[in-house]
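# prediction below, plus the sequence it came from.
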Amino acid sequence: MKKIDGGVTAAKGFSAAGLEVGIKNGHTGKKDMAMVYSSVPCKAAATFTTNVVKAAPVKWDMKVVDESRYVQAIVVNSGVANACTGSEGMEYCRQMACATAKGLNIDEDAVLVASTGVIGRQLPMDKINKGIELLIPELKDTLEAGTMAAEAIMTTDTVSKQIAYEVQIGGKTVTIGGMCKGSGMIHPNMCTMLGFVTTDINISKELLTEAVKADVKDTYNMISVDGDTSTNDTFVVIANGLAGNEEITEKNEDYELFTKALKEVNTYLAKKMAGDGEGATALFEVKVVNAPSKEEAVTLAKSVVTSSLTKAAIYGHDANWGRILCALGYSGVEFDPEKVDLYFESAYGKLQIVKDGRATDYSEEEATKILSEEEVTAIADMNAGNFEATAWGCDLTYDYVKINADYRS
């Protein structure tokens, strides 16, 4: 397996484009529409928000993924979420898909639609339609084109997020590339994220779906920024088979290689979103080890990574370990606090701060240096089993409130 430069255009047969059409309160210089296209039909698998309030594009895409014979294009806008927009919002999804399909000469039900931005506003369809018209001739299979698409789906993100990997499967080079956006309204069980992964692997729709749904549990479902679950969460993988490997129809060695590569892509993107949380200065990673079960390890890790008090302490570079032990304690998992060991770790070093539920004679100065890095890890050793889980979040800063106090402005 090898990491390469690229994103959604890295795999064979995929092209992309991104540009500005003025959706974000007029022309601000920020791209706000993107398109991804495969030269041949693709199999698709996806996961969506668990929020009862689902945006129109989520409903559209759920139907396409479940019922359409294939998917061949994705069209995305940022700035307006097309959520809580009633029948008009659904009609606008159809119009976006129809315009894209007509321009690319494909079926309307082969087009996925995604939106992100302010909830409750109707899409400016004059700008959307013009954007689709402009995007199609700009579709290219270059790294630059993929990068422009990744930039166009951003909202409060401070950096675009893309990655690609190559892996040898069945004697063929298989490429998996992806892009995502996400910075705020991010909470376990998906988040305000749009994520799109393209791959040229030849795999059955059934196994692609199984691989995607299993992987999401350990990647995107393990990140949190602020405890809010969005209306628009969408993660899609489309596979066009152009790598030329023999179709994967059973869980063999080829399937395992694919799932490992997919996890590398999704873990990278998930961590990028967590580290780019609104106002964040640090990626906060929580590892729970030696827990009684996988389920309990997941619950414990999520409880710590979502703790506002712990996140604030990370921002202050304060080794306030009591907040971590407290968050473990209210998680709902039964454990013996007097068996718990806690550590802080970063590029600066590693330090044990709690042994058997009590503070060690650690140096506050050393702890502060460890917590001052851009990526910080808290390790909770439960000493109660053999299972582990990792969750990702970020520190909680003054800027988070500033950003969200006037998000619509």
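In hand now; what should we look at? Keep in mind that what you see is a predicted model, and the values were worked out from it rather than measured.
# dihedrals phi and psi, the spatially most central residue of the chain?
What sits nearest the mean C-alpha location of the chain, by CA atoms, centre = their mean, is Ala270, with 4.5 Å. Main-chain torsions, Ala270, degrees, to the nearest 10: phi -60, psi -50.
# got the buried residues for the longest strand anywhere in the chain?
Counting residues, the longest strand found in the chain (DSSP state E) is strand 33-48. Residues 33-38, 41-48 are the ones in strand 33-48 that count as buried (16 or more other CB atoms under 10 Å). In this view, the C-beta of every residue, glycine as well, is placed from N, C-alpha and C.
# likewise for stretch 109-121?
For stretch 109-121, by 16+ other CB under 10 Å, it's Asp109, Ala110, Val111, Leu112, Val113, Ala114, Ser115, Thr116, Gly117, Ile119, Arg121.
# now do stretch 351-366
Judged by neighbour count (16+ other CB under 10 Å), stretch 351-366 contains these buried residues: Leu351, Ile353, Val354, Tyr362.
# quick check, nearest of those to Pro292?
Nearest to Pro292 among the buried residues of stretch 351-366: Val354, at 19.1 Å, using CB to CB.
# starting from the one helix or strand that closest one maps to, tell me which strands it pairs with and how they run.
Using DSSP states H and E, Val354 sits in strand 349-355. The strands that strand 349-355 pairs with in its sheet are strand 341-346 (antiparallel), strand 358-359 (antiparallel) (by DSSP bridges).
# before we move on, back to that, which two of the buried residues of strand 33-48 have the greatest separation?
The widest separation within the buried residues of strand 33-48 (CB to CB) is 25.3 Å, between Met33 and Lys43.
# so of the strands paired with strand 349-355, which one's packed in deepest?
Highest mean neighbour count among the strands paired with strand 349-355 (mean count of other CB atoms under 10 Å): strand 341-346, with a mean of 21.
# compute the mean per-residue pLDDT across stretch 299-312, please.
For stretch 299-312, the mean pLDDT works out to 93.
# which parts of that stretch are buried?
Of the residues in stretch 299-312, Thr299, Leu300, Ala301, Lys302, Ser303, Val304, Val305, Thr306, Ser307, Thr310, Lys311 count as buried by neighbour count, 16+ other CB under 10 Å.
# likewise stretch 284-293?
Result for stretch 284-293 [16+ other CB under 10 Å]: buried residues Phe284, Glu285, Val286, Lys287, Val288, Val289, Asn290, Ala291.
# quick revisit: now, the buried residues of stretch 109-121 that are in strands?
Short answer: the buried residues of stretch 109-121 in strands (DSSP E) are Val111, Leu112, Val113, Ala114, Ser115, Thr116, Gly117.
# about what we covered before: residues touching the strand holding Val354, excluding its own?
319, 321, 325, 340-345, 359-360, 362-363, 366-367, 369-370 (CB atoms under 8 Å, 6 or more residues apart in numbering).
# repeat that for 6 Å
Residues outside strand 349-355 that contact it (CB atoms under 6 Å, 6 or more residues apart in numbering): Ala319, Trp321, Asp341, Leu342, Tyr343, Phe344, Thr360, Tyr362, Glu366, Ala367, Ile370.
# from Met222, how far out is the third one?
The reference is to Asp341. Counting by CB to CB, to the nearest Å, the gap from Asp341 to Met222 is 22 Å.
# repeat that for the first one.
Using CB to CB, one obtains 23 Å as the distance from Ala319 to Met222.
# could you export stretch 141-151 as CSV, CA atoms only?
This file holds the C-alpha atoms of stretch 141-151, laid out as CSV (Å, rounded to 0.1, in the frame of the first residue of the first chain):
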residue,chain,number,x,y,z
ASP,A,141,-8.6,14.0,-14.4
THR,A,142,-5.7,16.1,-13.0
LEU,A,143,-4.6,16.6,-9.4
GLU,A,144,-5.4,20.3,-9.8
ALA,A,145,-8.9,19.6,-10.8
GLY,A,146,-9.4,17.3,-7.8
THR,A,147,-8.0,19.9,-5.5
MET,A,148,-10.3,22.6,-6.9
ALA,A,149,-13.3,20.2,-6.2
ALA,A,150,-12.1,19.7,-2.7
GLU,A,151,-11.9,23.4,-2.1
